[in-house]
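[1] make a model of this:
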Amino acid sequence: MRILLIEDDARVASFVRRGLREEQYAVDMAADGEKALFEAQVNSYDLIILDLMLPKKDGIQVLKALRASQNHTPVLILTAKDKMRDKVEGLNAGADDYLTKPFGFEELLARVRVLLRRRGDIMPTTLSAGDLKLDTLKHRAKRGDKDIPLTNREYALLEFFLRRPNQVITRTMLSEYVWETHFDSFSNVIDVHIARLRQKIDGETDQKLIHTLRGKGYMLQIPEIE
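    Okay, the predicted model is just below:
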């Protein structure tokens, strides 16, 4: 899952981003309203966490612009503005939830999970390819009857592949979605992580799922049913 965090307080942004990344979410950040709108237009996100008091464009302006452009990504407002009229304004502008600062990270995380579960009503929460299954709510992977322990990065890679079966996945796509927008796609880190993931997924079976396409990228191929 990929989240856009729109927050101009560097300490709060760093704290929230670190916590979300530990929970296996990819997190992009924007520190002002104009950059936030740009990121939301050029990238696809599963959730947006939005501060209201932002430079250049405030959070309500950002939210209204998103909804006016038919961007229906769930939005969680995270702000110090705790008056009832502020909450009403934010929710009426199109927010899906509203949390005030100071906040506990566990509560923030619970609200994030609720909003992502709502998207799960549309997006499948159990992904599969042959005898490989991934539970995106519990973050558990199995191949046949065997549990597969995954690191946060390996989980993010596998979910990305399983949501795009039989499609060419380029290094640029992985660098932007799994490693976030600032990552250097020309390093060999992607290859190392995919090699480790492939060993865990395919290492003990003759039916290989993850394939390297020379000069193109990678593909997770769903086996044909005989």
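[2] for this protein, longest helix please?
    helix 105-120 (DSSP state H).
[3] buried set for it?
    For helix 105-120, the neighbour count (16 or more other Cβ atoms under 10 Å) marks 108-109, 111-112, 115-116 as buried. Bear in mind the C-beta positions are built from the backbone N, C-alpha and C, glycine included.
[4] out of these, which is nearest to Pro165?
    Closest to Pro165 out of the buried residues of helix 105-120 is Leu116 (20.9 Å), distances taken as Cβ to Cβ.
[5] using PDB, write out every CA atom in the longest helix of the chain.
    The C-alpha trace of helix 105-120 is given here as PDB (Å, rounded to 0.1, in the frame of the first residue of the first chain):
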ATOM      1  CA  PHE A 105       0.400   6.600  16.700                       C
ATOM      2  CA  GLU A 106      -1.600   3.500  17.500                       C
ATOM      3  CA  GLU A 107      -4.800   5.400  17.000                       C
ATOM      4  CA  LEU A 108      -3.500   6.900  13.700                       C
ATOM      5  CA  LEU A 109      -2.500   3.400  12.600                       C
ATOM      6  CA  ALA A 110      -5.900   2.000  13.500                       C
ATOM      7  CA  ARG A 111      -7.600   4.700  11.500                       C
ATOM      8  CA  VAL A 112      -5.300   4.100   8.500                       C
ATOM      9  CA  ARG A 113      -6.200   0.400   8.600                       C
ATOM     10  CA  VAL A 114      -9.900   1.100   8.700                       C
ATOM     11  CA  LEU A 115      -9.700   3.300   5.700                       C
ATOM     12  CA  LEU A 116      -7.600   0.800   3.800                       C
ATOM     13  CA  ARG A 117     -10.100  -2.000   4.700                       C
ATOM     14  CA  ARG A 118     -12.800   0.100   3.200                       C
ATOM     15  CA  ARG A 119     -10.900   0.100  -0.100                       C
ATOM     16  CA  GLY A 120     -10.700  -3.600   0.400                       C
END
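[6] so which elements touch the helix or strand following that helix?
    Remark: after helix 105-120, the chain's next helix or strand is strand 126-129, criterion DSSP states H and E. Using 3 or more Cβ pairs under 8 Å, 6 or more residues apart in numbering; DSSP states H and E, the elements in contact with strand 126-129 are strand 132-135, helix 152-162.
[7] gap between the two ends of stretch 135-147?
    For stretch 135-147, the separation between the terminal residues is 11 Å (Cα to Cα, to the nearest Å).
[8] can you list contacts of it?
    1, 24, 117, 120, 124-127, 131-134, 148, 150, 155, 158-159, 201, 205 (Cβ atoms under 8 Å, 6 or more residues apart in numbering).
[9] by contact count, what packs against the least confident helix or strand in the chain by mean pLDDT?
    Ranked by mean pLDDT, DSSP states H and E, the weakest helix or strand in the chain is helix 171-177, scoring a mean of 79. Packing partners of helix 171-177 (3+ Cβ pairs under 8 Å, 6+ apart): helix 152-162, helix 189-202, strand 217-220.
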